[in-house]
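Participant: any chance you could fold what I've pasted below:
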Amino acid sequence: MFHRKEPTVRRFLGLALAALALALAPAAAADAPTRVEESFARSIPKFVSCPGFTVSGEFIVTRTVSTFYDQDGSRVRQVTHVHFTGTLTNATTGKVIPDEGNQIVTVDFTDGTTTTAGRVRVVTYPGQGAILEQVGRVVRDSQGKTIFVAGQQDFQTRDFAEFCAFMAAP
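Facilitator: Below you'll find the model as predicted:
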């Protein structure tokens with residue numbers, strides 16, 4: 001009986017020492033993500049070019065940028081949550097309409113893609129509905145070329161006819 005217990009005790013001590021060594025070994029983990037929050041004003045003098053006039057944009061932007069790293073400290077992904085409020089103005093007549101939106105922009109540093117998703121903007125006018133839309137998902141490759149589009153994307157299609165007609169009207 002004594003001989004049978006000795007191998008069991010040795011196995012137990014061996015397993016216990018192995019578990020202790022694993023517990024004390026440094027973990028291979030990614031660096032903690034960084035997070036930056038900022039707010040700023042942004043002016044876009046030539047937001048949209050309409051026949052005979054230009055529409056400018058003035059915005060207050062709030063964004064949170066989270067950057068994720070691998071175990072070597074290299075950036076692997078950056079996620080930016082953006083919210084803005086502002087106005088779009090016919091530079092010739094001064095006609096103004098409010099603009100607001102939210103989007104999530106994800107940059108994947110491993111494959112070079114940038115994905116923009118969300119209700120980036122929906123400019124509406126009571127009684128007419130949406131006159132300018134940028135909603136859904138757009139993916140661009142590392143060269144900035146659009147490789148995927150989903151949703152209503154007036155800026156992708158350059159379909160500003162309804163918006164320009166509204167902004168031109170008195």
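Participant: identify the bridge partners of residue 41.
Facilitator: residue 60 (DSSP bridges).
Participant: residue 62 is in contact with that one, correct?
Facilitator: No. Between residue 41 and residue 62 there is no contact under CB atoms under 8 Å: 10.9 Å. Heads up, the C-betas are built off the backbone N, CA and C, glycines and all.
Participant: higher neighbour count, those two?
Facilitator: residue 62 (14 against 9; other CB atoms under 10 Å).
Participant: pLDDT score for the closest residue to the more buried one other than its chain neighbours?
Facilitator: The shortest distance from residue 62 to any non-neighbouring residue, by CB to CB, 6 or more residues apart in numbering, is to residue 39 (4.6 Å). Predicted confidence (pLDDT) for residue 39: 98.
Participant: look up how far residue 83 lies from residue 39.
Facilitator: Distance of residue 39 to residue 83, computed by CB to CB, to the nearest Å: 9 Å.
Participant: nearest residue to the middle of the chain?
Facilitator: Centroid-nearest residue in the chain: residue 105, 1.6 Å away (criterion: CA atoms, centre = their mean).
Participant: so who does that residue touch?
Facilitator: Neighbouring residues of residue 105 by CB atoms under 8 Å, 6 or more residues apart in numbering: 79, 80, 82, 114, 115, 116.
Participant: okay, and the common contacts of residue 39 and residue 83?
Facilitator: Common neighbours of residue 39 and residue 83 (criterion: CB under 8 Å, 6+ apart): 61, 62, 63.
Participant: does the first one touch residue 42 like I think?
Facilitator: Read that as residue 61. Yes. Contact criterion CB under 8 Å: residue 61 and residue 42 qualify, at 5.3 Å.
Participant: of those two, give the one with the bigger neighbour count.
Facilitator: Neighbours per residue (other CB under 10 Å) separate residue 61 from residue 42, with residue 61 holding more: 15 against 11.
Participant: dump the residue contacts of that one.
Facilitator: 39, 40, 41, 42, 82, 83, 84 are the contacts of residue 61 under CB under 8 Å, 6+ apart.
Participant: now do 7 Å
Facilitator: Taking CB atoms under 7 Å, 6 or more residues apart in numbering, we find residue 61 in contact with 39, 40, 42, 82, 84.
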